[in-house]
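> sharing a model prediction with you, sequence too.
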Amino acid sequence: MSLMSSPRITPAWLPQRPPEPDVRAGPGHVRHKAGVALLTRVLARPDLAEQRIGAGLRADRRLGSKDRPWVADALYGIVRRWRLIETLLTQCGWQGERPPEVLWWGWMVLARGLPAEHCPVPKSWLSGCAKPLEALEPWARGASDAATLATVGSVPDWLAEGLLEDRDLPTAMAELVAQDRRAPVVLRVAAHRTDRAAVLRELDAAGIEATPGRWSPHAVRIAGRVHLQGLACWRAGHVALQDEASQVVASLVAPQRDHRVVDACAGAGGKALALAATAPPGVRILALDVREGALAEARRRARREGRRLETQPISPTGPLPRRCLGADRVLIDAPCTGSGTLRRHAGLRWRWTAAQAQGLPDRQAEILGRFAATLGPAGRLVYATCSLWRAENQGVVDRFLAAHTDWEQIRPAPPESSHWDQALDAKGALELTPARHDTDGFFGAVLRRRRTV
Ligand SMILES: C[S@@+](CC[C@H](N)C(=O)[O-])C[C@H]1O[C@@H](n2cnc3c(N)ncnc32)[C@H](O)[C@@H]1O
């Protein structure tokens, strides 16, 4: 049976090739030399891929302005798919260590369509990269769904298993493929200073192709790259970088006039500032985090948007400061695997060991329990992650509700002109995903104490 007719692996799961092979850079070209050299450093710490690729390309004086994006694109491709390349090479007789040049040329054949004879490694090793569906066929016959996802999608085993907890293989694979594409630049318009139409007009006048976001009324999507510092709206602090899903999660908090809001895991303040920009009069936001450095960055960003942000560093255990108690709204944007943000952070998939990842749901449950106890009687709590893994999402919420029977999960209502109610599931949880909504992957659940009659 030819794999072309197999339901298991389809061409859409593989890196897409350009219509013509890119043979302009011959095998001795500086792009390949620089790419292989940098790949050695990147593979030593793939979780730091962004930093290492950025710094390495800037430092390599041999490369020109057109070479750098070309090499970067190949390196990111390999970081995203090295398990697939390695399997294709192994299927064709390659054994042994993982010398970066073999992976590099494997990628050139697999994703750039280079003829194997163009490459300075044995042609036989590269034949699987030239015809990946055929090469994978014998391997795939004996592979489980989790092994297929981990290999073809090139993620750690724990993540493949996690993604398959509440999805079938094609759906899980679609989420990984959607994260192979470069994420769009998304701006959040600071609604207290200007409106989206004005920002879109400014971008249009500057010849920048931009469209309104679909899910957040304050989102602007920019096609392609943009030099942000060159934009007047950026310099004036009228826009900030923030994915649409993150904007939507902030809007789940929905404070009312004079409410006290605690952002329990505020980090560098992305959601706290989104909240502040649209909050009704009198709302006070207290941003907490275990990292003072992140809170300092949050304050800096707040100043950029013409705001002051109240912050307080906290310890991960022990009593919370008194001013956290009795809040009307608590947002827990919990530390998580970040598996919904792989399109922005290619190396993130390699950051967590299986044991670390599997420990995260307990840590999240602990943070949820700790902050639920601080909420005022009529308050609401929003639990959120940027993960696609059920165990970190509804799994944590279900455990909390089972242990706190006086709490319930409610179905939030979107503000006017937002359409994210389409992304609510039967329990009322928000799930935006790269494949279904073309956003970062985010989960959000709204909880409150049951009303007694
Ligand atoms: C997903 S990030 C927050 C992102 C941020 N809310 C934003 O929108 O930009 C999670 C944050 O939780 C913080 N964190 C980790 N453990 C914590 C704990 N026990 N209590 C509070 N914050 C914690 C981390 O330092 C990190 O900044």
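Done, it's in. Numbers count the residues shown, from 1 in each chain.
> pLDDT weak spots in the stretch 351-453 of the chain?
453 (pLDDT under 70).
> just give the nearest non-adjacent residue to the residue of the stretch 51-200 of the chain found nearest the ligand, would you?
Per C-beta to the nearest ligand atom, the residue of the stretch 51-200 of the chain with the smallest distance to the ligand is residue 188, at 10.8 Å. Where you see a C-beta, it was placed from the backbone N, CA and C, and this is true even at glycine. Ranked by C-beta to C-beta, 6 or more residues apart in numbering and with sequence neighbours excluded, the top spatial neighbour of residue 188 is residue 242, at 4.0 Å.
> the one you found and residue 335, how far apart?
With distances defined as C-beta to C-beta, to the nearest Å, the gap from residue 242 to residue 335 amounts to 18 Å.
> more neighbours: the two, which one.
Comparing residue 242 with residue 335 by other C-beta atoms under 10 Å, the one with more neighbours is residue 242, at 21 against 18.
> can you map out the helices along the stretch 351-453 of the chain?
Taking DSSP state H, counting those that start in this stretch to define them, one finds helices in the stretch 351-453 of the chain at 354-372, 394-403, 434-437.
> next: the stretch 151-300 of the chain.
All helices of the stretch 151-300 of the chain, identified by DSSP H, counting those that start in this stretch, fall at 157-163, 169-178, 196-205, 232-235, 244-251, 270-278, 292-304.
> among the ones you listed, which is nearest residue 57?
helix 232-235 (23.9 Å; C-beta to C-beta).
> check which helices and strands the closest one sits against.
helix 196-205 (3 or more C-beta pairs under 8 Å, 6 or more residues apart in numbering; DSSP states H and E).
> quick one, what contacts the residue nearest to residue 183 when sequence neighbours are not counted?
The shortest distance from residue 183 to any non-neighbouring residue, by C-beta to C-beta, 6+ apart, is to residue 343 (4.2 Å). Applying C-beta atoms under 8 Å, 6 or more residues apart in numbering, we find residue 343 in contact with 178-183, 434, 440.
> narrow those residues to just the buried residues.
Burial by neighbour count, 16 or more other C-beta atoms under 10 Å: within those this picks out 178-180, 183, 434, 440.
> quick one: closest of the helices of the stretch 351-453 of the chain to residue 387.
Sorting the helices of the stretch 351-453 of the chain by C-beta to C-beta, the top spot, which is the nearest, belongs to helix 354-372 at 8.3 Å.
> for residue 294, give me its contacts.
If you count contacts by C-beta under 8 Å, 6+ apart, then residue 294 has 266-269 around it.
> and the gap between it and residue 330?
As defined by C-beta to C-beta, residue 294 lies at a distance of 18 Å from residue 330.
> same check, this time on residue 279
Residue 279 sits at a distance of 15 Å from residue 330 (criterion: C-beta to C-beta).
> any idea which element the spatially most central residue of the chain lies in?
Within the chain, one residue has its C-alpha closest to the average C-alpha position: by C-alpha atoms, centre = their mean, that is residue 341, at 0.5 Å. Secondary-structure assignment from DSSP states H and E places residue 341 in no helical or strand segment.
> can you pull the phi and psi angles for it?
Dihedral angles of residue 341 (phi, psi; degrees, to the nearest 10) stand at phi -120, psi 20.
> could you count how many residues lie near the residue of the stretch 351-453 of the chain found nearest the ligand?
Relative to the ligand, the nearest point of the stretch 351-453 of the chain is residue 367 (5.0 Å; C-beta to the nearest ligand atom). Neighbour count of residue 367, defined by other C-beta under 10 Å: 18.
> how about the residues of this structure near the ligand?
Residues of the chain that fall close to the ligand, judged by C-beta under 6 Å from any ligand atom: 246, 264-271, 288-291, 294, 314, 316, 333, 335, 367.
> close enough to count as contact, residue 41 and residue 55?
No - using C-beta atoms under 8 Å, residue 41 and residue 55 do not qualify as a contacting pair, with a distance of 9.2 Å.
> pick out whichever of those two has more residues nearby.
Taking residue 41 and residue 55 together and counting by other C-beta under 10 Å, residue 41 has the greater number of neighbours (16 against 13).
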